[in-house]
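Q: Using only what follows, build the 3D model:
(one chain, ligands or ions: 2)
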Amino acid sequence: MIFYALFCRTYQFIMKTASYFLPFHEPELLTGPGSLERLPERILEKGANPVLLVVSRTVARLPEYEVFRAGLDRADIRTVVYEGTVPNPTIANAEEALALYLANNCKGIIGIGGGSQMDCAKAIGARVARPAKSISAMRGVLKVRKRLPPLFLVPTTAGTGSEVTIAAVLSNPDTHEKYALNDPALIPAVAVLDPLLTIGLPPSITAATGMDALTHAIEAYIGRSNTNRTREMAIRATRMIVANVNTAYGDGGDVEARDKMLTASYYAGIAFTRAYVGYVHAIAHTLGGFYGIAHGVANAVILPYVLEAYGKKAEKSLAELADALSLTDSAASDYEKAAAFIRKIRAMNAEMKIPEKIDGIRPEDIPVMADRAFREANPLYPVPRIFDREELAALYRVISV
Ligand SMILES: NC(=O)c1ccc[n+]([C@@H]2O[C@H](COP(=O)([O-])OP(=O)(O)OC[C@H]3O[C@@H](n4cnc5c(N)ncnc54)[C@H](O)[C@@H]3O)[C@@H](O)[C@H]2O)c1
Ligand SMILES: [Fe+2]
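A: Ligands and ions are numbered 1, 2, ... in the order given. A predicted model of the protein is given here:
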């Protein structure tokens, strides 16, 4: 294990150094209540007509969406709609939508919905850019390396941050696998952060997706591949989420809290797309792949246990996060501050009725899931401490009912 850990750390160091040479960029942003109405003019500017519109059925019923569709019609933008994306989107979803894109000679893609619709839109874009490569062949890092057609992403959860990240996460129901394509080419041309789209998000989804965003900020911050900017973004996101998620949960119509959550989710996206996530996400992906557990719920449940398991190795950075929230008096030790931070996460979960454990984990699946989580995280994720498969298996047992 010592040699393996050395290999992982060397790999991570190379990836971190290489990242300074990668074309990371941020999308053009449209922000604020009603900003979706400004998207049609951007679509015209980019020549993305006709455009494929990947939208969730829930979002397709929103009045803001109707206004947007009317704006597209007024601008003479022809749209082809794909509403079939499931939560934890599948390769088949992307292929089905790709067929629509090609049959209608589309020139651009809009993904409007949660991470599922946005990731599906990204995967379609990758297939258009690389027609000869299957999605599974683009799994991993830097396998796309080609310009996508103009891509416009509109999050309606806050959220995955997918609208600014290099990742698209896809599932294969046949093998229970869930994996990411990671490439700066997947960063969209334009992202729209319109809080009015998130007003109707039910409390349970507000809570789960908000905790997903918080997990991005924390896993990025405690990892070993931060830059000054990722640290700053992670701290800002953490502060904003802790201050606003409960309000958004309790009063969905609070536009200001919704706006702050969307911005925070975007900031957390900037942080983790460069500084990576950690074992919380690796475990959550297996739970999504095996049992369809919602991504945010899985993260929220696992987060405090993994932070505890990192022990001393994450203490200092968790203490800094506790300081950013003024959780303890400044004379407290790092140990006390880190413990206060983990207590805060547990309290937030409890306030928003997120369970402490996950029901339905089958003991016989644990070795396979632990192995997959191990292989997802290592050597890529610059986690504070490298766990072996047995330590990961123990975490699955701890969160089992
Ligand atoms: N690409 C990335 O960087 C990245 C990062 C984190 C997570 N992900 C992936 O994103 C997916 C999860 O995305 P998610 O958490 O946004 O959930 P989701 O997209 O699966 O949506 C969850 C539910 O919320 C509903 N919903 C969405 N917006 C709504 C609205 N405004 N009003 C009412 N209901 C609404 C959807 O219909 C769905 O039932 C997972 O597959 C995860 O792995 C991707
Ligand atoms: Fe996530």
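
Q: And the pLDDT for the residue nearest the centre of the chain?
A: Central residue of the chain (Cα atoms, centre = their mean): Thr160, 3.0 Å from the mean position. Thr160 is assigned a predicted lDDT (pLDDT) of 96.

Q: Wait, a strand at it?
A: No: assessed with DSSP: H, G, I helix; E, B strand; the rest coil, Thr160 is coil; it does not lie in a strand.

Q: Next up, the contacts around the residue lying closest to it once chain neighbours are set aside.
A: Among residues not flanking Thr160 along the chain, Gly115 sits closest, at 3.3 Å (Cβ to Cβ, 6 or more residues apart in numbering). C-beta: built from backbone N, CA, C; applies to glycine. Gly115 is in contact with Pro155, Thr157, Gly159, Thr160, Ser162, Val169, His295, counting by Cβ atoms under 8 Å, 6 or more residues apart in numbering.

Q: near ligand 1 at all, stretch 83-95?
A: Yes: residues of stretch 83-95 contacting ligand 1 under Cβ under 6 Å from any ligand atom: Pro87, Asn88.

Q: Go ahead and measure how far that stretch is from the middle of the chain.
A: Relative to its chain's centre, stretch 83-95 lies at 16 Å (Cα atoms, centre = their mean, to the nearest Å).

Q: Ok, stretch 32-41 next?
A: On Cα atoms, centre = their mean, the centre of stretch 32-41 falls 23 Å from the chain's centre.

Q: Over to stretch 157-177?
A: 7 Å.

Q: Please apply the same query to stretch 247-260.
A: Per Cα atoms, centre = their mean, the centroid offset for stretch 247-260 relative to its chain is 20 Å.

Q: Get me the contact residues on the stretch 101-250 of the chain for ligand 1.
A: Applying Cβ under 6 Å from any ligand atom, one finds that the stretch 101-250 of the chain approaches ligand 1 through 113-116, 119, 156-157, 159-162, 165, 167-169, 197-198, 200-201, 205, 209, 212.

Q: what about this protein, any weak spots by pLDDT?
A: Judged by pLDDT under 70, the chain has no weakly predicted residues.

Q: In it, what residue spans correspond to strands?
A: Secondary structure of the chain by DSSP state E: the strands cover 28-31, 51-55, 79-82, 108-113, 140-141, 151-155, 167-172, 177-182, 190-193.

Q: Okay, helices next: where are they in the stretch 1-150 of the chain?
A: Per DSSP state H, counting those that start in this stretch, the stretch 1-150 of the chain carries helices over the ranges 2-19, 39-45, 57-60, 63-74, 91-103, 115-129.

Q: Can you say which of those helices is nearest to Gly253?
A: Closest approach to Gly253 among the helices of the stretch 1-150 of the chain is made by helix 63-74 (13.6 Å; Cβ to Cβ).

Q: Tell me which other helices or strands the closest one touches.
A: helix 39-45 (3 or more Cβ pairs under 8 Å, 6 or more residues apart in numbering; DSSP states H and E).

Q: Next, the buried residues of the helix it packs on.
A: Leu39, Pro40, Arg42, Ile43 (16 or more other Cβ atoms under 10 Å).

Q: just stretch 195-203 next, same as before
A: Judged by neighbour count using 16+ other Cβ under 10 Å, the buried positions of stretch 195-203 are Pro195, Leu196, Leu197, Thr198, Ile199, Gly200, Leu201.

Q: Columns distance to Met352 on top of those, output as a markdown table?
A: A markdown table is the format used below for the buried residues of stretch 195-203 (distance: Cβ to Cβ, whole Å):
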| residue | distance to Met352 |
| --- | --- |
| Pro195 | 19 |
| Leu196 | 22 |
| Leu197 | 21 |
| Thr198 | 16 |
| Ile199 | 18 |
| Gly200 | 17 |
| Leu201 | 13 |
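
Q: Closest to Ser326 out of these?
A: Minimum distance to Ser326 across those is 26.4 Å, recorded for Pro195 (Cβ to Cβ).

Q: Compute the distance between the nearest residue to Arg69 once chain neighbours are set aside and ligand 1, please.
A: In space, and not counting its chain neighbours, Arg69 is closest to Thr79: 7.3 Å by Cβ to Cβ, 6+ apart. Distance, Thr79 to ligand 1, using Cβ to the nearest ligand atom, to the nearest Å: 19 Å.

Q: And Leu29, by the same measure?
A: Taken as Cβ to the nearest ligand atom, the span from Leu29 to ligand 1 is 17 Å.

Q: before we move on, what about Val368?
A: From Val368 across to ligand 1, the span is 19 Å (Cβ to the nearest ligand atom).

Q: Please apply the same query to Ala370.
A: Counting by Cβ to the nearest ligand atom, the separation of Ala370 from ligand 1 is 19 Å.

Q: right, and that residue touches Asp388 too?
A: No: Ala370 is beyond contact range of Asp388, at 9.3 Å (criterion: Cβ atoms under 8 Å).

Q: Looking at these two, which is more packed in?
A: Ala370 (24 against 14; other Cβ atoms under 10 Å).

Q: That one: what's it in contact with?
A: Arg389, Glu390, Leu392, Ala393, Tyr396.

Q: My guess is Leu392 contacts Phe374. True?
A: Yes: between Leu392 and Phe374 there is a contact under Cβ under 8 Å: 5.7 Å.

Q: What is the burial count for the residue of the stretch 201-350 of the chain found nearest ligand 1?
A: Ligand 1 sits closest to His295 of the stretch 201-350 of the chain, with a gap of 3.9 Å, by Cβ to the nearest ligand atom. The local packing of His295 (other Cβ under 10 Å) involves 26 other residues.
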